[in-house]
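**Student:** here is a sequence together with a model predicted from it:
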Amino acid sequence: MAAPALERPTAASGTQTVTIAKALNMGLRASLERDPKVLVMGEDVGKLGGVFRITDGLQKDFGEHRVLDTPLAESGIIGTAIGLAIRGYRPVCEIQFDGFIFPGFDQIISQLAKLHYRSQGKVKVPVVVRVPYGGGIGAVEHHSESPESLFAHIAGLKVVSCSNPVDAYWMLQQAIECDDPVLFFEPKRRYYEKAELDTSVDPMPLLSSRVVRSGSAVTLASYGPMVRTCLDAATAAAEDGIDLEVVDLRSLSPLDLGPVCESVRRTGRLVLVSEAPAESSVTSEISARVQQECFYSLEAPVLRATGFDTPYPPSKLEEGFLPDLDRVLDVVDRSLAY
């Protein structure tokens, strides 16, 4: 089901410079103000305001009955949220770090994704699961995973990822308004990057992709933390006279490949960029579908710059694991060499 159009925020609107972290906090606050059925729950989200301070100040302003500190039990968090959603609430669960989501995997896959379908549409489970994900923060094991492809494969779930403060603010509110369960992946190493946010401008639809930089030579398509890397690569390539177009996918399930295919039909080349390993991933699916849809427009194979097919390495090695500007530009060069 598509999310309904959002009402204007009750707080004063206008343009301000905010980080992704602040934009997420503002989005949660707007949703809590708009709908008394919205709840926020998770480990340390209340008094502490979350380990990344995304929920800072919300428990103080909305009370412990709406911003709930939970035990360290992801299965319990998701299971409780499912029960609350069946009773008419709209829970927003925070998974403290990406690698902590796996204790709740069974609840998400076996219950959350299936209840609406299993009940022939009689039961709605409007649960949002917020997942800070990806590497680049020098963290220990289980704190730098990119598990988005696992959930994008599961029918019954919507999977989205913001890459900038504007999308963080609007997409989170849209996800909360959606009647379907949404996995909301947040690029934690980008939490403190800033941009102008105008809360008076209408947002894009939640489940849509968009071109964030126009170009003519090669299409770069990415999402979440890698969008900034692609934009930096496009800036660097422009110095050598190479005009790269960058598409922010935003929604990973369902995929909105219209803008991607339209771009590829003009450029003839596609490079996909993701922190996640390449094997059986979102980038695999996009590659297959673009080659089906745009076969006669392609002047080179669809290529990828991704994480490696290994567990995430110790933090001292993560710079060699994550796709960076040089690796992206190297793949661009390979595409242009065809």
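**Tutor:** Right, received. Where do you want to start? Fair warning: this is a prediction, and the values are worked out from it, not measured in the lab.

**Student:** list the residues that contact residue 50.
**Tutor:** Residue 50 makes contact with 42, 44, 56, 94, 96 under the criterion C-beta atoms under 8 Å, 6 or more residues apart in numbering. Where C-beta positions appear, they are placed from N, C-alpha and C, glycine not excepted.

**Student:** same thing but 7 Å
**Tutor:** Counting by C-beta atoms under 7 Å, 6 or more residues apart in numbering, residue 50 makes contact with 44, 94.

**Student:** remind me which helix or strand it belongs to.
**Tutor:** For residue 50, there is no helix or strand it lies in under DSSP states H and E.

**Student:** for the nearest residue to residue 62 once chain neighbours are set aside, give me its contacts.
**Tutor:** Leaving out its chain neighbours, the residue that sits closest to residue 62 by C-beta to C-beta, 6 or more residues apart in numbering is residue 32, at 5.2 Å. Residues in contact with residue 32 (C-beta under 7 Å, 6+ apart) are 38, 58, 62, 66.

**Student:** pLDDT at residue 32, what is it?
**Tutor:** For residue 32, the pLDDT comes out at 98.

**Student:** and if you look at residue 7?
**Tutor:** 54.

**Student:** ok, the one 5 residues further on next?
**Tutor:** Per-residue confidence at residue 12 stands at 47 (pLDDT).

**Student:** ok, back up a step: so can I have TSV of the contacts of residue 32 showing secondary structure, neighbour count and pLDDT?
**Tutor:** Shown next, in TSV, are these (DSSP: H, G, I helix; E, B strand; the rest coil; neighbours: other C-beta atoms under 10 Å; pLDDT from 0 to 100):
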residue	secondary structure	neighbour count	pLDDT
38	strand	22	98
58	helix	20	98
62	helix	20	98
66	coil	18	98
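
**Student:** pick out the most distant pair among the residues you listed.
**Tutor:** Across these, the longest distance by C-beta to C-beta is 10.6 Å; it joins 38 and 58.

**Student:** low-confidence bits of the stretch 201-338 of the chain, can you list those?
**Tutor:** Along the stretch 201-338 of the chain, no part satisfies pLDDT under 70.

**Student:** who does the strand of greatest length in the chain touch, helix- and strand-wise?
**Tutor:** The single longest strand within the chain, with elements called by DSSP state E, is strand 270-277. Under the contact criterion of 3 or more C-beta pairs under 7 Å, 6 or more residues apart in numbering; DSSP states H and E, strand 270-277 touches strand 218-222, helix 226-238, helix 282-293, strand 303-307, helix 325-336.

**Student:** now do the strands in the stretch 101-250 of the chain.
**Tutor:** All strands of the stretch 101-250 of the chain, identified by DSSP state E, counting those that start in this stretch, fall at 128-133, 158-161, 182-187, 194-198, 210-213, 218-222, 244-248.

**Student:** how far off centre is the last one?
**Tutor:** Relative to its chain's centre, strand 244-248 lies at 17 Å (C-alpha atoms, centre = their mean, to the nearest Å).

**Student:** again, but for the first one
**Tutor:** Strand 128-133 has its average C-alpha position 8 Å from the chain's average C-alpha position, going by C-alpha atoms, centre = their mean.

**Student:** can you check the fifth one too?
**Tutor:** Here strand 210-213 shows a centroid-to-chain-centroid distance of 16 Å under the convention C-alpha atoms, centre = their mean.

**Student:** quick check: which helices or strands does that strand pack against?
**Tutor:** Strand 210-213 packs on helix 226-238, strand 244-248, helix 258-267, going by 3+ C-beta pairs under 7 Å, 6+ apart.

**Student:** export it as PDB, just CAs?
**Tutor:** C-alpha atoms of strand 210-213 as PDB (Å, rounded to 0.1, in the frame of the first residue of the first chain):
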ATOM      1  CA  ARG A 210      15.700   9.900  -8.500                       C
ATOM      2  CA  VAL A 211      18.600  11.400 -10.500                       C
ATOM      3  CA  VAL A 212      20.700  13.500  -8.100                       C
ATOM      4  CA  ARG A 213      23.300  14.500 -10.700                       C
END
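
**Student:** picking that back up, mind checking which of the strands of the stretch 101-250 of the chain is nearest residue 263?
**Tutor:** strand 218-222 (4.3 Å).

**Student:** ok, that closest one: who's next to it in the sheet?
**Tutor:** strand 244-248 (parallel), strand 270-277 (parallel) (DSSP bridges).

**Student:** ok, which of the ones you listed comes nearest residue 86?
**Tutor:** strand 270-277 (31.9 Å).

**Student:** could you give the angle of that closest one to helix 258-267?
**Tutor:** 130 degrees (axes from the mean of the first three to the mean of the last three C-alpha atoms, to 10 degrees).

**Student:** what about residue 159, distance to residue 279?
**Tutor:** 18 Å (C-beta to C-beta, to the nearest Å).

**Student:** the two: which has the busier surroundings?
**Tutor:** Using other C-beta atoms under 10 Å, the more surrounded residue of residue 159 and residue 279 is residue 159, with 26 against 11.

**Student:** mind checking pLDDT for the more buried one?
**Tutor:** pLDDT, residue 159: 98.
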